[in-house]
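*Asks:* take this sequence and fold it.
(chains A and B)
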There are 2 protein chains.
Amino acid sequence: MLSIILIGTGNVARHLFDAFASCEGVQILQVAGRNKKALEYFSASTEVTTEFTGLVDADIYIIALSDDAIISVTEQLIIKNKLIIHTSGTVALQQLLNDNRAGVFYPLQTFSKHRNINFKEVPICIEAENDTDVLLLKNLASELSNSVHEITSEKRKVLHLAAVFVNNFTNHMFTMANEICEEHGLSFTILEPLIVETVGKIGEMLPSEAQTGPARRNDKGTMEKHRQLLTTKNQKEIYSILSESILQTYEKKL
Amino acid sequence: MLSIILIGTGNVARHLFDAFASCEGVQILQVAGRNKKALEYFSASTEVTTEFTGLVDADIYIIALSDDAIISVTEQLIIKNKLIIHTSGTVALQQLLNDNRAGVFYPLQTFSKHRNINFKEVPICIEAENDTDVLLLKNLASELSNSVHEITSEKRKVLHLAAVFVNNFTNHMFTMANEICEEHGLSFTILEPLIVETVGKIGEMLPSEAQTGPARRNDKGTMEKHRQLLTTKNQKEIYSILSESILQTYEKKL
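*Replies:* Residues are numbered from 1 along each chain as shown, chains lettered A, B, ... in the order given. Reported below is the predicted structural model:
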């Protein structure tokens, strides 16, 4: 049985808490956070504390906080020689080094408050200073997920960056399409089967093979008509720069 | 029983052919196309012809050709008073008017050669000059899909434009992420659960509510680190313009 303490009360902390709570091999001893109100979510089923200096003894201390807070909160902990891990995509292992053993436990997923996640399929990127801790983190991650990966800090940063493209920027494309639909009294929901198929293709072919559309065909007439339909400078700029990027991607390959 | 003739042998023609072939209420009388080789796909189960002037009598003539070819091929047909429809997102109904009745049958989906489509969920946008033909197209579309919509040419163009954002541009985000992964010896497949979840959220909340990431939080430090990791001018430009657009979207709402 692995005993853990969760430090943080935000989205990632909540999702991890719910996921670990149903793991047979994991015991959550405490949840720590500054925000009393936010601690209520956890207090029904575990001990909570607002004092970072009041943590009990555990195998692993998980800091699920924003990048900026990770270091400063770690420095407040008055524990020694313990495995302290964070859940960030961008903070390097080295930044966490102090009187304790540092580790990383980065779930490569997007978390929203009111949406359940099936952790079995979430890739967990782990990293630690020594082999014993790597093994410990592999055990912890395997309790949650079937997709556990030992990834260096450098490569984790790259994955985080790539994740911005496939999640943040993709979601912004949906937001822009929704905006365009709304401007013309159309419902965005009619685009959902297309969105589902866009992603469905990815399991079967490379994204570069799945590319279709006017930019891919260099259909200048349609692209010009599209630009005229767009109403804001921002929409037009993004349409042009992305179309140009698609065009160049396939010109290189021809 | 509706009798139809398919004009065109490309991706959309193939997908429509396969879909209509399994409809009880539709009989495909002929497939017409210039390309003899491409006609082989259809010739095992229906009559084919390379002569646009040699079409037999049918209820509906479906022109599944590129936007540029639609008008010129329609002008070559020596039929009169027939319902001739095209499958384009951008060609207006008015552009097809001649000695025949014009109609539109636009499946709002992305078609790849080797990927099957479940047409029951594909929105079909129809349009015709008169109510009788609208009804005829509704019947035809209902044979394929549970999602049939009467949409004007103007709104269809808007949907086509929105489709570029949710499909073409989204797929390009995947291509760029794949490029970033490859540059660092990482496998793109590790991002697939994140991609699936990005889309899964859309059924439950507005895309603007699903937005996360450094640009949404205005986390300048992370964005600067990301820009430094990117290797090409194109990647950096797209990263900056999309981050700025996300930032502005939420500043407006605050």
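
*Asks:* use CA for all of it now, contacts and neighbours both
*Replies:* OK.

*Asks:* mind listing the strands for the stretch 51-200 of chain A?
*Replies:* A:60-63, A:83-86, A:101-107, A:124-128, A:148-150 (DSSP state E, counting those that start in this stretch).

*Asks:* which parts of stretch A:22-36 are buried?
*Replies:* A:26, A:27, A:28, A:29, A:30, A:31, A:32, A:33 (16 or more other CA atoms under 10 Å in any protein chain shown).

*Asks:* and the contacts of the helix or strand bottoming out on mean pLDDT in chain A?
*Replies:* When the helices and strands of chain A are compared on mean pLDDT, DSSP states H and E, helix A:67-76 comes out lowest with a mean of 91. Helix A:67-76 has contacts (CA atoms under 8 Å, 6 or more residues apart in numbering or on different chains) with A:52, A:53, A:63, A:64, A:86, A:88, A:90, A:91, A:95, A:96, A:98.

*Asks:* about what we covered before: with mean pLDDT, mean neighbour count and distance to chain B as extra columns, can I get the strands of the stretch 51-200 of chain A in TSV?
*Replies:* Below are these laid out as TSV (pLDDT from 0 to 100; neighbours: other CA atoms under 10 Å in any protein chain shown; distance: least, CA to the nearest CA, whole Å):
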stretch	mean pLDDT	mean neighbour count	distance to chain B
strand A:60-63	98	24	18
strand A:83-86	96	26	16
strand A:101-107	97	25	10
strand A:124-128	98	27	10
strand A:148-150	98	19	9
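
*Asks:* report the mean per-residue pLDDT for stretch A:138-145.
*Replies:* With pLDDT averaged residue by residue, stretch A:138-145 scores 98.

*Asks:* the biggest helix by length in chain A close to chain B?
*Replies:* Secondary structure assigned by DSSP state H gives helix A:233-253 as the longest helix of chain A. Yes. Helix A:233-253 comes into contact with chain B (CA under 8 Å from any CA of the partner chain), by way of A:234, A:238, A:241, A:242, A:243, A:245, A:246.

*Asks:* equivalent analysis for stretch A:169-185, please.
*Replies:* Yes. Applying CA under 8 Å from any CA, one finds stretch A:169-185 in contact with chain B at A:169-178, A:180-181, A:184.

*Asks:* can you tell me which of these end up in helices?
*Replies:* A:170, A:171, A:172, A:173, A:174, A:175, A:176, A:177, A:178, A:180, A:181.

*Asks:* in those residues, find the pair that's most separated.
*Replies:* A:170 and A:181 (16.7 Å; CA to CA).

*Asks:* between those two, which is the more surrounded one?
*Replies:* residue A:170 (28 against 21; other CA atoms under 10 Å in any protein chain shown).

*Asks:* not counting its neighbours along the chain, what's nearest that one?
*Replies:* residue B:170 (5.2 Å; CA to CA, 6 or more residues apart in numbering or on different chains).

*Asks:* list just the nearest of the contacts of helix A:67-76 to residue B:222.
*Replies:* Using CA to CA, residue A:90 comes nearest to residue B:222 of the contacts of helix A:67-76, at 7.5 Å.

*Asks:* what's around the residue lying closest to that closest one once chain neighbours are set aside, how many residues?
*Replies:* Distances taken as CA to CA, 6+ apart put residue A:157 closest to residue A:90, at 5.0 Å, once the chain neighbours are dropped. By the criterion of other CA under 10 Å, residue A:157 has 21 neighbours.

*Asks:* tell me who's in contact with residue A:157.
*Replies:* A:89, A:90, A:91.

*Asks:* pLDDT at it, what is it?
*Replies:* Value for residue A:157, per-residue pLDDT: 97.

*Asks:* who's in contact with residue A:66?
*Replies:* Here residue A:66 is in contact with residue A:88 (criterion: CA under 8 Å, 6+ apart).

*Asks:* so residue A:19 belongs to a helix, correct?
*Replies:* Yes. Assignment of residue A:19 by DSSP: H, G, I helix; E, B strand; the rest coil places it within a helix.

*Asks:* what sits against it?
*Replies:* Taking CA under 8 Å, 6+ apart, one finds A:119, A:144 in contact with residue A:19.

*Asks:* how much space is there between it and residue A:29?
*Replies:* Distance, residue A:19 to residue A:29, using CA to CA, to the nearest Å: 14 Å.

*Asks:* grab the nearest non-local neighbour of the residue positioned nearest the centre of chain A.
*Replies:* For chain A, the residue nearest the mean C-alpha position is residue A:109 (3.7 Å; CA atoms, centre = their mean). Distances taken as CA to CA, 6+ apart put residue B:194 closest to residue A:109, at 5.1 Å, once the chain neighbours are dropped.

*Asks:* what's the neighbour count on that neighbour?
*Replies:* 22.

*Asks:* quick one on the thing from earlier: reformat the strands of the stretch 51-200 of chain A as CSV; add distance to residue B:13.
*Replies:* Listed next are the strands of the stretch 51-200 of chain A as CSV, based on distance: least, CA to CA, whole Å:
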stretch, distance to residue B:13
strand A:60-63, 55
strand A:83-86, 53
strand A:101-107, 43
strand A:124-128, 43
strand A:148-150, 44
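
*Asks:* which residues touch residue A:250?
*Replies:* Neighbours of residue A:250 in contact, by CA under 8 Å, 6+ apart: residue A:216.

*Asks:* show me the contacts for the nearest residue to residue A:173 once chain neighbours are set aside.
*Replies:* In space, and not counting its chain neighbours, residue A:173 is closest to residue B:165: 5.5 Å by CA to CA, 6+ apart. Applying CA under 8 Å, 6+ apart, we find residue B:165 in contact with A:173, A:174, A:176, A:177.

*Asks:* from residue B:144, how far out is the closest residue to residue A:223 other than its chain neighbours?
*Replies:* Spatial nearest neighbour of residue A:223, chain neighbours left out: residue A:214 (6.4 Å); criterion: CA to CA, 6+ apart. Using CA to CA, residue A:214 is found at 26 Å from residue B:144.

*Asks:* so for the two, which sits in the more crowded spot?
*Replies:* In terms of neighbours (other CA under 10 Å), residue B:144 is the more surrounded of residue A:214 and residue B:144; the figures are 23 against 17.

*Asks:* I figured residue A:184 hits residue B:156, correct?
*Replies:* No. Residue A:184 sits out of contact with residue B:156 when judged by CA atoms under 8 Å, with a separation of 10.4 Å.
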